[in-house]
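>>> Fold the following and give me the result.
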Amino acid sequence: MARPVHFEIQADDVERAKNFYAEVFGWAFEDYSGTTGSPYFGVLTGNDNEPGINGGLLQRPAAAPGREQGTNAAVLTMQVADYDATLEAILAHGGEVAMPKFALKGMAWQGYFIDTEGNTFGIHQPDENAA
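Numbering: from 1, shown residues only. As a prediction, this is how the structure comes out:
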């Protein structure tokens, strides 16, 4: 089997996207542009000794699909401690609800959103009492 080890988020406005993900999820960014030869930011999502992967953020090379056309890439889902607090942060920083909160019965609360760049992402709060 092969496990994901890196993700990339494309953005129309890289600085706006960096701000959104820093404010909502606390992510940090490192400028790797010198290595890649074009604007590219490493995304640090947490401590290396915790589950999860890091990724990259770059300028979108082509137009994103329009609204209501679905996604054209893998969708990232972030595990969060408090679904409702994260929802408030997403909306406060320019995100939109794509699919409202729903229960994965006996497992978690789940929902999907659109970031400031039109990308779909999810949040997931483990809760064995979700119903």
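>>> which stretch of helix or strand covers residue 113?
Using DSSP states H and E, residue 113 sits in strand 108-114.
>>> and that strand, which strands flank it?
strand 96-104 (antiparallel), strand 120-126 (antiparallel) (DSSP bridges).
>>> So for the last one, what gets flagged as buried?
Just to be clear, that refers to strand 120-126. Residues of strand 120-126 classed as buried under the neighbour-count rule (16 or more other Cβ atoms under 10 Å) are 120, 121, 122, 123, 124, 125. For every residue, glycine as well, the C-beta is placed using N, CA and C.
>>> what's near enough to touch the first one?
Spelled out, that is residue 120. The contact partners of residue 120, by Cβ atoms under 8 Å, 6 or more residues apart in numbering, come to 71, 75, 98, 112, 113, 114.
>>> Could you do the second one as well?
Contact partners of residue 121, counting by Cβ under 8 Å, 6+ apart, are 75, 76, 77, 78, 112, 113, 115.
>>> Next one: it, what pLDDT does it get?
Predicted confidence (pLDDT) for residue 121: 93.
>>> Relative to residue 129, how far out is it?
Distance from residue 121 to residue 129, counting by Cβ to Cβ, to the nearest Å: 25 Å.
>>> swap in the fourth one?
When distance is defined by Cβ to Cβ, residue 123 is 18 Å away from residue 129.
>>> What residues of stretch 76-93 count as buried?
Those would be 76, 78, 80, 83, 86, 87, 89, 90, 93, for stretch 76-93 by 16+ other Cβ under 10 Å.
>>> okay if I get these as JSON lines plus pLDDT, distance to residue 49 and secondary structure?
Putting the buried residues of stretch 76-93 into JSON lines (pLDDT from 0 to 100; distance: Cβ to Cβ, whole Å; DSSP: H, G, I helix; E, B strand; the rest coil) gives the following:
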{"residue": "76", "pLDDT": "93", "distance to residue 49": "21", "secondary structure": "strand"}
{"residue": "78", "pLDDT": "95", "distance to residue 49": "18", "secondary structure": "strand"}
{"residue": "80", "pLDDT": "96", "distance to residue 49": "19", "secondary structure": "coil"}
{"residue": "83", "pLDDT": "97", "distance to residue 49": "25", "secondary structure": "helix"}
{"residue": "86", "pLDDT": "97", "distance to residue 49": "23", "secondary structure": "helix"}
{"residue": "87", "pLDDT": "98", "distance to residue 49": "28", "secondary structure": "helix"}
{"residue": "89", "pLDDT": "98", "distance to residue 49": "25", "secondary structure": "helix"}
{"residue": "90", "pLDDT": "98", "distance to residue 49": "27", "secondary structure": "helix"}
{"residue": "93", "pLDDT": "98", "distance to residue 49": "28", "secondary structure": "coil"}
